[in-house]
Each structure stands twice: as C-alpha cells, then as structure tokens.
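> Test case, fold it:
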Amino acid sequence: MPQEMTTIGLRTPLPVELLWQRGWPPAALLFWSRICEIENLSRDQVAADFWSGKKERCKVACRALADLLFAAGHGEEAIAALMLAADPAKPQTFEIVLPQLGHAIEHLCDWPIASITRNHALRRLGVWWRAARGDFDEDEHSIFFITRLEMLDQDTASSELPVTGEQNRPKHRHEPKDFSLVVMPKDKATALNKDQSGFKDLLDVRLPLVVARDLDAVRTSLMSEYPHATTAIDLVLRDLREGDPVRLKALLLTGPAGVGKSRLVRRLGDLLGIGVYRYDGSGASDNMFGGSPKAWGNTTPSAPARAINQMRIANPILMVDEADKSGTSSHNGRLWDALLPFLERETAARFRDVSLDAELNLSFISYIATANSIESLPAPLIDRFRIVKVPAPQLSELPLLAANILQELAVENGEQGFVSPLAHDELEVIARAWEAAGFSIRKLQKILEATVEARNATAVRH
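Numbering: from 1, shown residues only. All right, here's what the predicted structure looks like:
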C-alpha cells in the first residue's frame with residue numbers, strides 16, 4: 001500500500017485514534033496525555049486505580065473519568081475513556097461507544113485518502129462490533145490487543161498506521177544513531193595544573209549524550225510509583241522525545257516536605273539510564289556552585305563541570321536539592337546568583353569555568369531544583385525555571401504507594417521477588433499513623449519499615 005494512504009490527518013478525533021493502538025497500555029497513555037491538557041479536571045483522584053494494572057480498578061477509574069469529562073463538556077475524551085473501559089467479557093460495555101465511533105468515522109475525520117483510510121477504520125470498528133455481539137467473551141485480552149490480532153491477516157500495513165500528531169512528524173532519512181559532544185575543546189582551554197589532572201581526560205574527547213528510550217514505559221513507571229503526582233510527571237517529561245538526547249528545560253519541583261520531590265528526580269534518572277548529580281542547596285552559603293578561581297590554592301571547578309567529569313556523559317541531570325534553604329547573604333556570593341548563567345543554554349554552551357580556565361559546552365545538562373516553597377527565591381531565578389508543583393498524596397493512594405515502598409524495601413534487603421501484600425488490618429493501622437504524620441512519603445517509608453520489622457519479629461516467634 002502506498003505510504004500516502006497510511007496517514008491519518010491531524011484532526012482525527014481521539015476515539016478514532018485509539019482504534020489503532022496495539023494494546024491497552026499504549027491506548028491509556030495516549031488518552032492520559034490528552035486529558036492532561038484539560039484544566040480543572042480532577043484526574044489525580046483516580047490515577048492510582050487507572051494505573052494500577054488491575055483490570056477492574058482500571059475500568060472503574062475509566063468510567064469515573066468519563067463522567068467527569070462529560071460533565072466538563074469534553075465528550076470526545078469521555079467517549080475515549082469509555083473505550084478504555086470496554087471489556088470483551090462484558091459485551092454490553094460496548095453499547096455506548098460504538099454508535100459514537102461510527103459517527104466519528106463517517107463525519108468527523110479529515111481523511112487524506114477518504115475511501116481507503118475510512119475503510120481501514122471501519123474494519124477495525126467491525127472487530128469492536130463483534131465484541132459487542134459476544135464473539136470474544138472468553139478472551140481475557142483487551143479489545144485493543146484483540147483488534148490488533150484480528151487485523152494482522154486483513155491489512156498488516158494499516159495495522160502500523162501512525163495516528164497521533166507526534167507520530168505524523170516528518171522523519172529524517174539519515175537520523176544519527178550515536179550522539180556525542182566535545183564538552184572541553186582543547187583549543188579553548190589553558191594548561192591544567194596538577195590539582196585538576198582528573199579533568200584532563202575531557203580535553204577534546206567526545207562524550208556520549210544519553211538518548212531517551214521507552215518514554216511510554218518511563219511515564220507508566222513513574223505514574224504507578226507517584227499516583228499523586230501524575231500532572232507533575234507529565235510536565236517533567238514534556239521536553240523529552242523518543243530517540244533524541246535527554247535534555248530538559250530547567251525545572252523547579254515545589255511542594256510540601258516529604259512528598260517525594262528528590263526521589264522523583266532520582267527515579268527519573270534511573271529510568272532514563274542517566275546519572276543524577278546532587279548539589280545540596282541547604283548547605284550552600286556562597287557561590288561555589290560556579291567554581292573558584294584557578295589562582296586559589298584549593299581551586300574547585302563548577303558543579304556542572306564536576307557532574308560531567310564524574311558521570312562521563314555530556315548530559316547528566318544536576319539536581320539542586322532544597323534550593324530555598326540556601327544562604328541569603330551576598331557577602332560570599334549566593335547559590336542563586338551562581339546558578340543563573342547555567343540556566344541559559346546560549347551562555348551554558350560557552351561557559352568559561354574559572355577554575356579550569358577553559359570554555360565548556362554545558363548546554364545539554366538538565367537542571368532540576370527542589371524547594372518546599374518559592375516565596376524566598378529571587379524573581380530572576382524563578383523566571384528561568386518551569387515551576388512544577390508536586391502535591392501531597394491522599395489516603396486513597398496508600399495501597400499503591402505502600403506496595404511500591406514494600407517492593408523497594410525488599411530489594412534493599414536482598415529479597416527480590418514476590419512480596420506479601422499488606423493485610424487489611426495492617427493497612428488500617430498504617431493509614432492512621434500516616435494520616436497523623438501528615439501524609440509524608442518519607443514518614444510512610446519509616447512506618448512501613450517498622451511494619452516489616454514487626455512482621456519479621458512475629459515470624460521468628462512463630
């Protein structure tokens with residue numbers, strides 16, 4: 001089939017786009033990415049169930065989202081939510097969406113090759129009608145996966161049809177597979193002294209740029225671990241593109257103490273396969289973030305230069321933790337002022353490190369700061385960050401959060417594998433203690449550590 005016949009226009013309604021998704025997870029991710037743009041939608045209330053991986057909990061969350069979307073006047077997205085709730089084992093769940101899908105295919109789509117592409121969509125819709133008839137009521141797979149299998153023999157080419165605006169971007173024929181960058185050009189550096197010998201291996205060396213891979217999986221993992229912060233996660237991941245080097249615009253994560261801001265940054269680095277260099281903002285009472293002059297006896301390169309030298313990649317994540325707790329006196333300089341030059345990419349691409357006395361290209365470093373509040377931060381600094389609020393979790397999110405922390409504790413203790421879930425009475429006790437602790441994830445971890453110790457003690461006695 002000619003390539004021009006396998007492209008859906010950018011104005012394709014979301015429910016029709018979902019027909020081409022190869023399984024429930026990619027369909028859910030596409031839907032979630034769309035509704036994140038809708039203001040005043042309380043999606044965080046159902047996020048834990050939506051991303052739980054449990055069939056019935058997911059369906060309930062989808063129906064709840066459909067009600068919210070219908071009430072807010074977003075009928076297209078509401079139909080998409082009901083599509084995600086459709087279950088082949090319950091044919092009646094298809095009754096609402098099928099007439100709407102048929103109408104959209106016939107009247108709402110801007111097909112580039114009308115007769116050909118509409119026919120592909122109608123054939124997919126035919127599989128959904130068969131599900132409504134009960135043809136797949138003993139199949140445990142999602143309707144999206146069933147449709148993919150049913151269509152393999154009919155039109156393999158159209159089963160690979162790109163349906164989203166992101167996928168419709170033109171692709172370059174000769175995209176580079178390897179990305180690298182010379183951070184420290186030799187012709188723009190003076191001779192290093194003996195105290196800086198650890199940086200000599202950076203001279204004229206092309207350092208790798210870590211590329212973003214499996215972003216859908218990264219998003220799914222983070223949302224399952226942080227069900228209370230789904231909107232924040234979408235904002236953090238907004239700049240990343242599959243197959244391109246990891247580079248984020250400067251981010252400032254703000255929210256109450258103990259909600260997991262710092263850990264979210266570390267998990268982001270883990271999932272992207274990229275290093276996170278932590279700079280303690282709470283202990284900073286000078287401008288040493290930018291380094292000290294080469295003439296000083298104990299000269300120190302800038303924190304970004306140290307991050308690159310330690311990670312040996314050109315695009316690490318540099319986390320400035322607790323930036324709001326740094327010193328405010330300008331006597332020895334301030335962290336806030338030292339940060340500013342690095343947050344402008346043009347300046348960072350030609351930054352002269354005063355300790356190395358060398359021009360460095362630091363433009364691919366991603367800067368993420370954390371703060372409980374932005375009230376004390378100066379306006380010039382705030383203007384250079386994208387402010388991302390990380391809310392406190394709610395009691396309804398306890399089961400998912402507790403399960404994740406229990407798994408982490410098991411890994412730390414060398415007990416990888418299946419972890420016994422919390423019993424109902426254990427959850428009730430934990431819930432009361434966690435509520436008294438103000439819903440802090442940090443406190444929840446300590447509560448669960450105590451629970452595990454009590455479990456182990458009971459097991460020893462018996």
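
> Where does the residue nearest to Leu448 when sequence neighbours are not counted sit, in terms of helix or strand?
Leaving aside its chain neighbours, Leu448 sits nearest to Ile405 (5.1 Å; criterion: CB to CB, 6 or more residues apart in numbering). Heads up, the C-betas are built off the backbone N, CA and C, glycines and all. Using DSSP states H and E, Ile405 maps to helix 398-412.

> Also Leu192?
Here Leu192 is assigned to no helix or strand, by DSSP H and E.

> following the helix or strand harbouring Trp32, which helix or strand comes up?
In this structure, Trp32 sits in helix 24-35 according to DSSP H and E. The helix or strand immediately downstream of helix 24-35 is helix 47-50, counting by DSSP H and E.

> If I take the helix or strand following that following helix and helix 398-412, what angle do their directions form?
Following helix 47-50 in sequence order, the next helix or strand is helix 55-71 (DSSP H and E). Between the axes of helix 55-71 and helix 398-412, defined by axes from the mean of the first three to the mean of the last three CA atoms, to 10 degrees, the angle is 130 degrees.

> quick one: contacts of helix 55-71?
24, 28, 35, 38, 41-43, 45-47, 49-50, 52, 75, 77-79, 81-82, 84-85, 87 (CB atoms under 8 Å, 6 or more residues apart in numbering).

> shaky segments in the chain?
Low-confidence segments of the chain (pLDDT under 70): 1-11, 106-118, 153-178, 285-286, 295-297, 327-333, 411, 414-421, 459-462.

> Okay, domains of it per the record?
By the assignment in automatic domain parsing, the chain contains the domains 3-159, 181-389, 395-461.

> quick one on the thing from earlier: which strands and helices sit next to the helix holding Ile405?
helix 215-225, helix 424-436, helix 441-461 (3 or more CB pairs under 8 Å, 6 or more residues apart in numbering; DSSP states H and E).

> highest average neighbour count across these?
helix 215-225 (a mean of 19; mean count of other CB atoms under 10 Å).

> Tell me what angle that helix forms with helix 24-35.
80 degrees.

> State the next helix or strand along the chain beyond helix 215-225.
Next along the chain from helix 215-225, counting by DSSP H and E, comes helix 230-237.

> okay, that next one in CSV with CA atoms only?
Included here for helix 230-237 are C-alpha records, laid out as CSV according to Å, rounded to 0.1, in the frame of the first residue of the first chain:
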residue,chain,number,x,y,z
THR,A,230,0.6,12.5,37.6
THR,A,231,0.3,16.1,36.4
ALA,A,232,3.8,16.9,37.6
ILE,A,233,5.2,13.8,35.8
ASP,A,234,3.7,14.9,32.5
LEU,A,235,5.2,18.4,32.9
VAL,A,236,8.6,16.9,33.8
LEU,A,237,8.6,14.6,30.7
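
> ok now it, how far from the chain's centre?
6 Å (CA atoms, centre = their mean, to the nearest Å).

> same check, this time on stretch 397-411
That offset, for stretch 397-411, works out to 19 Å (CA atoms, centre = their mean).

> same deal with stretch 255-271?
Distance of stretch 255-271 from the chain centroid (CA atoms, centre = their mean) equals 11 Å.

> Check which residues of that stretch are buried.
255, 258-262, 264-265, 267-269, 271 (16 or more other CB atoms under 10 Å).

> As a check, name the ranges of all helices in the stretch 251-400 of the chain.
261-272, 303-311, 335-339, 345-348, 379-383, 398-412 (DSSP state H, counting those that start in this stretch).

> In PDB, list the C-alpha atoms belonging to the fifth one.
Looking back up the chat, that one is helix 379-383. C-alpha atoms of helix 379-383 as PDB (Å, rounded to 0.1, in the frame of the first residue of the first chain):
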ATOM      1  CA  ALA A 379      12.400  36.600  40.700                       C
ATOM      2  CA  PRO A 380      15.300  36.300  38.200                       C
ATOM      3  CA  LEU A 381      15.800  32.700  39.300                       C
ATOM      4  CA  ILE A 382      12.100  31.800  39.300                       C
ATOM      5  CA  ASP A 383      11.700  33.300  35.800                       C
END
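
> No further questions, thank you.
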